[in-house]
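[1] What shape does this take:
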Amino acid sequence: MKILLIYTGGTIGMIHDSESGSYIPFDFENLQVQIPELSQLDCELEVISYEPSIDSSNMNPKIWTQIGKTVEDNYRKFDGFVILHGSDTMAYTASALSFILENLNKPVILTGSQLPSGVPRTDAKENLITAIEIAASTRDGKPEVPEVAVYFEYQLYRGNRTHKVNAEHFEAFESVNYPALAEAGVHLKFNRRYTQNTNDEKLIVHKKFNPNIGVLKLFPGITESTVNSILSAPKTAAVILETFGSGNAPTYTWFLAAIKKATAKGILILNVSQCQGGSVELGRYETSKALKDMGVLSAYDMTFEAALTKLMFVLEYTKDIEKRIELINSNLQGELTL
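    Predicted coordinates for the structure are as follows:
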């Protein structure tokens with residue numbers, strides 16, 4: 001098995017520099033010197049390291065497509081891919097890659113760490129070693145996890161179902177609305193009923209996203225001027241409306257008028273719950289029925305990260321408004337439950 005390690009940046013690639021007293025990226029060409037246990041793995045490793053390394057706070061659609069292009073360029077040569085990435089925006093990148101890499105038939109596992117590799121209590125070593133093991137795992141000659149996934153602290157989650165929930169604990173990620181794809185203990189236990197199936201289609205790599213999206217997060221006391229400033233921002237093609245509970249919003253006359261005006265202009269509005277668990281159910285209560293009647297779309301149980309990256313993908317994929325709505329309402333890459 002041949003696994004390509006793609007280092008984009010992040011805490012996992014940092015070691016302590018005794019001269020400066022700060023943390024600096026280590027040389028991934030000498031990765032096995034830093035982590036000698038890698039030599040015991042039953043696979044061949046190669047490394048691509050992005051220069052300069054990218055702080056995940058600076059992640060953007062251009063870099064997402066760069067990562068997708070790296071996978072595409074090496075797709076035939078390698079059996080799996082492990083992407084080392086800063087944890088802060090890892091869920092966004094994982095979600096984006098799930099839409100970029102259509103017909104994916106090989107593992108693309110993202111991982112990182114909460115502590116640098118050079119710290120004695122670091123979680124970097126375990127996360128990296130197990131992510132590589134997962135990427136190299138097969139059953140009946142086929143990969144165990146032929147999809148984009150996030151591995152962190154003994155849990156493997158579908159990439160577009162993942163959300164970072166903690167900035168301090170090693171258990172930094174959760175997948176509230178979808179079961180773990182695998183759990184790492186004494187043995188790697190794969191939950192095969194929940195992983196994507198392989199297919200015989202050719203890999204298609206999408207390389208454009210439309211980032212002209214606004215985010216309107218509702219809160220008690222939100223003002224008319226705040227709502228209008230977001231819905232009427234120049235070049236806005238879509239807006240994520242972060243609502244209460246199962247998709248509920250105020251029923252103020254001015255608020256509904258602003259939503260109606262935006263949808264009439266062709267702006268797509270996607271209703272995403274502020275709750276981590278559960279699903280948007282437009283029309284369940286009076287406070288969401290009006291939104292449904294005006295053409296506001298349901299994100300169902302998508303994470304915010306998946307909803308955002310899916311919108312960026314769909315807006316660029318087609319200019320036809322009906323096709324856009326059809327795609328948003330469809331389960332494209334396991335990102336939602338219908």
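[2] for the stretch 201-338 of the chain, what spans make up the helices?
    224-231, 253-264, 286-293, 304-317, 321-328 (DSSP state H, counting those that start in this stretch).
[3] Of these, flag the one that's most buried.
    Of the helices of the stretch 201-338 of the chain, the one with the most neighbours on average (mean count of other C-beta atoms under 10 Å) is helix 304-317, at a mean of 24. In short, each C-beta sits where N, CA and C put it, glycine included.
[4] For that helix, which outside residues touch it?
    Helix 304-317 is contacted from outside by 61, 64, 91-92, 94-96, 98-100, 160-163, 206, 208-213, 215, 237-238, 240, 242, 268, 270, 272, 299, 302, 324, 327-328, 332, 335-336, using C-beta atoms under 8 Å, 6 or more residues apart in numbering.
[5] Show me which helix or strand of the chain is least confident by mean pLDDT.
    Lowest mean confidence among the helices and strands of the chain (mean pLDDT, DSSP states H and E): helix 31-34, at a mean of 71.
[6] Which neighbours in the sheet does the helix or strand just after that one have, and how are they oriented?
    Going down the chain from helix 31-34, the next helix or strand is strand 44-49, by DSSP states H and E. Strand 44-49 has the following strand partners under DSSP bridges: strand 2-7 (parallel).
[7] Give me the distance from the partner strand to the chain's centre.
    Centroid separation for strand 2-7 versus its chain: 19 Å, with C-alpha atoms, centre = their mean, to the nearest Å.
[8] what mean pLDDT does stretch 144-151 have?
    Taken as a whole, stretch 144-151 carries a mean pLDDT of 98.
[9] got it, and stretch 287-294?
    90.
[10] tell me the average confidence for the helix or strand hosting Leu97?
    For Leu97, the enclosing helix or strand under DSSP H and E is helix 90-100. What helix 90-100 shows for mean pLDDT is 98.
[11] downstream neighbour of it in the secondary structure list?
    strand 101-102.
[12] For whichever helix or strand comes after that following strand, which outside residues touch it?
    Following strand 101-102 in sequence order, the next helix or strand is strand 108-111 (DSSP H and E). Contacts to strand 108-111, defined as C-beta under 8 Å, 6+ apart, come from residues 12, 71, 80-85, 90, 93-94, 97, 101, 127-128, 131, 134-135, 145, 147-152, 156, 159.
[13] repeat that for 6 Å
    By C-beta atoms under 6 Å, 6 or more residues apart in numbering, the surrounding residues in contact with strand 108-111 are 81-83, 85, 90, 94, 127, 131, 134-135, 148-151.
[14] now, which of the residues you listed lie within strands?
    81-83, 148-151 (DSSP state E).
[15] okay, and for this structure, where does confidence drop off?
    For the chain, the stretches flagged by pLDDT under 70 are 16, 18, 29-30.
[16] how does it divide up, domain by domain?
    By the assignment in automatic domain parsing, the chain contains the domains 2-205, 213-328.
[17] how far is the shortest one from where the chain is centred?
    Meaning domain 213-328. Chain-centre distance of domain 213-328: 20 Å, with C-alpha atoms, centre = their mean.
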